[in-house]
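1. Please find the sequence and the predicted model below.
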Amino acid sequence: MHPVDATQALVARGIQPSAQRVAVAGFVLDSTEHPSADVVFARVKQSHPNVSRATVYNTLNALVRVGLLRELVLSEGRVVFDPKLAPHHHFVDDDTGAITDIPWDKIPVGPVDGLPGLVVREHQVVLRGRRLPT
Ligand SMILES: [Zn+2]
């Protein structure tokens, strides 16, 4: 995401666009790799050596709170961030842990409303396996 776009995205949601927040938003909102907070921290540190872990975590939480980013827990104890808000599924690579988006219409999912006693907030299919060598 271009810095100008990241700045506008933050301002439009009432988040003060400091240089460090813009760097966090610019990276994570443009990422397709479902980075963890630690990965975002490492990446932003390259361009902003003085950025603190707290700033990165707080900015990620703010982006989730204003609805620009989604938090995903696809494996136990591992939280990653996904800027793609439209429904989609995920494939988790057993060997590398890499998370790949799978288009929603690739896997038909039946209706999830009407399950007795449950109010479904969201649903997706999480696929796990290995990638064939190319
Ligand atoms: Zn995704």
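-> Yes, it's here.
2. For A6, what are phi and psi?
-> Backbone torsions of A6, given as degrees, to the nearest 10, read phi -60, psi -40.
3. Pretty sure it sits against S31.
-> No: counting by CB atoms under 8 Å, A6 does not reach S31; the two are 11.9 Å apart. (C-beta placed from N, C-alpha, C; glycine too.)
4. quick one: which of those two has more around it?
-> Shown here are A6 and S31; by other CB atoms under 10 Å, A6 has more neighbours (22 against 19).
5. Which of the residues in the helix or strand hosting N61 are classified as buried?
-> According to DSSP states H and E, N61 maps onto helix 53-65. Residues of helix 53-65 classed as buried by neighbour count (16 or more other CB atoms under 10 Å): T55, V56, T59, L60, A62, L63.
6. next SSE after that helix?
-> Assigned by DSSP H and E, the successor of helix 53-65 is strand 70-75.
7. buried stuff in that following strand?
-> Here strand 70-75 shows L72, L74 as buried, counting by 16+ other CB under 10 Å.
8. Quick check, L127 in contact with D94.
-> No: the pair L127 and D94 does not pass the contact test of CB under 8 Å, sitting 10.5 Å apart.
9. Settle it for me: which of these two has more neighbours?
-> Just comparing L127 and D94: by other CB under 10 Å the higher neighbour count belongs to L127, 14 against 10.
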